[in-house]
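1. 3D, please:
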Amino acid sequence: MGKFVRDYGLSVVLAALFVVSWVLQALTGWVDFASRQEAHGEAATLFGASGYVWPWLQATFENWQSEFLQLFTMAIFTAFLIHRGSTESRDSDEETMLVLTDIQDRLARMEGKRS
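-> Numbering: from 1, shown residues only. Sure thing, here's the model as predicted:
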């Protein structure tokens, strides 16, 4: 278990934070929904045409669209697409080889001057 937590600690913590925040959203949403239903003289139900599941799903998907999907797409795009000059973009293999060749040439010149 310790190796798993060490190797996947970031994922475990993020998953736990996600689950806790989702449960809190559901609980606080239920309290708000129940009080609104009570104010209108109706019983608060979980399922059915006017049940809590519908506003809960709406709030969940709004959060997914506005937060999680934006972050997800940015992470995926950053991993696969390049924006030249951006610190998030990796250089192409050709550019990396050119930089390495330049460094090697500079080192060779520096060693030649010492002799």
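2. from Pro55, how far out is Trp30?
-> Distance, Trp30 to Pro55, using C-beta to C-beta, to the nearest Å: 10 Å. Any C-beta I mention is one placed from the backbone N, CA and C, and that applies to glycine too.
3. same for the helix or strand harbouring Phe18, what does it pack against?
-> Phe18 is part of helix 2-39 when elements are defined by DSSP states H and E. In this structure, helix 2-39 packs against helix 53-63, with contacts taken as 3 or more C-beta pairs under 8 Å, 6 or more residues apart in numbering; DSSP states H and E.
4. give me the distance from the next helix or strand after the helix it packs on to the chain's centre.
-> Next helix or strand after helix 53-63 toward the C-terminus (DSSP H and E): helix 69-80. Its chain's C-alpha centre and that of helix 69-80 lie 8 Å apart, by C-alpha atoms, centre = their mean, to the nearest Å.
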